[in-house]
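S.K.: Sequence below, structure please.
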Amino acid sequence: IYTKANPLPGARAKVPVLDINGGEAVLCESLVVAEYIAELQASTSSATSSSLLLPQRPEDRAVMRLFTELCSSSFSYFPILRAREERKLDDAVETLKAGLKDVDAFLNKMGSEGGPFLFGNQFTLAECSVAPFVQRACIILPSGLGSGRSINPMELCDTCNLPRLKAWMKAVIDRPSVVGTGVPRDEMITNMEKMLKRFEAMEKEQTKQ
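M.R.: Next up, the predicted model:
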């Protein structure tokens, strides 16, 4: 089914894949699928604008997409997990701090007042696009997995004086839809530990060649 969604030769199958009406259309890539669902919701729902995943104004939708483009990689925690030297670990933490500062700056300059999200009280695709990364970072990094150093992104917000970002992150990870669709804490940490071991095994095999 993935080859119907992605026509590029040699494309590696991955999730999600959305089959619409028994093959009428098949979509892949998280952002594409999420935006399709949001567009469908907006066109068929009688819900109020504040409960929709897409802002009403085209200008706001552009800001939402800009947030996704500029800020999605800001919560990257994998370099921290794989750092085995203090210098590399310190560098990875500084990179994470820089990313957090970038998101805080975006929220302060482009965000709306009246609520913790990018558009005030409206939870949109801006939050959907990064919620899994924020959720995993706030669970996995404090555990000390990989590096052996416990790093709490919320505490980094305090250290770096990023109150807007901290309020946004807390609102995102506490939202019922995010909690309900997330992986349980222990399972998330166990899965990540297995992934790190696979990467380490692959690196050892490569050094033997």
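S.K.: any idea which element the residue most central in space within the chain lies in?
M.R.: Central residue of the chain (CA atoms, centre = their mean): Val130, 2.5 Å from the mean position. If you go by DSSP states H and E, Val130 is part of helix 125-143.
S.K.: Could I get the buried residue list for that helix?
M.R.: 125-131, 133-141, 143 (16 or more other CB atoms under 10 Å). In this view, the C-beta of every residue, glycine as well, is placed from N, C-alpha and C.
S.K.: and that helix, what's its mean pLDDT?
M.R.: On average, the pLDDT along helix 125-143 is 95.
S.K.: Tell me which helix or strand comes right after it.
M.R.: Following helix 125-143 toward the C-terminus (DSSP H and E): helix 153-159.
S.K.: quick one: average pLDDT of the following helix or strand past that next one?
M.R.: Counting by DSSP H and E, the next helix or strand C-terminal to helix 153-159 is helix 163-174. Averaging pLDDT along helix 163-174 yields 98.
S.K.: Using CSV, write out the CA atom coordinates for helix 163-174.
M.R.: Below are the C-alpha coordinates for helix 163-174, written out as CSV (Å, rounded to 0.1, in the frame of the first residue of the first chain):
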residue,chain,number,x,y,z
PRO,A,163,8.7,31.3,30.4
ARG,A,164,6.7,31.5,27.2
LEU,A,165,8.1,28.2,25.9
LYS,A,166,7.7,26.5,29.3
ALA,A,167,4.0,27.4,29.4
TRP,A,168,3.6,26.2,25.8
MET,A,169,5.4,22.9,26.4
LYS,A,170,3.4,22.2,29.6
ALA,A,171,0.1,22.9,27.8
VAL,A,172,1.2,20.6,24.9
ILE,A,173,2.2,17.6,27.0
ASP,A,174,-0.8,17.9,29.4
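S.K.: How far does it sit from its chain's centre?
M.R.: How far helix 163-174 lies from its chain's middle: 13 Å, per CA atoms, centre = their mean, to the nearest Å.
S.K.: Return, as residue ranges, the portions of the chain with sub-threshold pLDDT.
M.R.: 45-50, 209 (pLDDT under 70).
S.K.: Show me the helices in it, by range?
M.R.: Assigned by DSSP state H, the chain shows helices spanning 2-5, 30-44, 58-71, 78-82, 86-110, 125-143, 153-159, 163-174, 176-181, 185-208.
S.K.: what sits up against stretch 107-125?
M.R.: Outside stretch 107-125, the residues within contact range by CB atoms under 8 Å, 6 or more residues apart in numbering are 31, 34-35, 38, 49-55, 60, 63-64, 66-68, 126-127, 164-165, 167-168, 170-172, 175, 177.
S.K.: and what of stretch 68-87?
M.R.: By CB under 8 Å, 6+ apart, stretch 68-87 touches 31, 88-89, 91-93, 95-96, 99-100, 102-103, 106, 125-126, 129-130, 133-134, 136-137, 140-141, 145-147, 149, 151, 153, 192, 196, 199.
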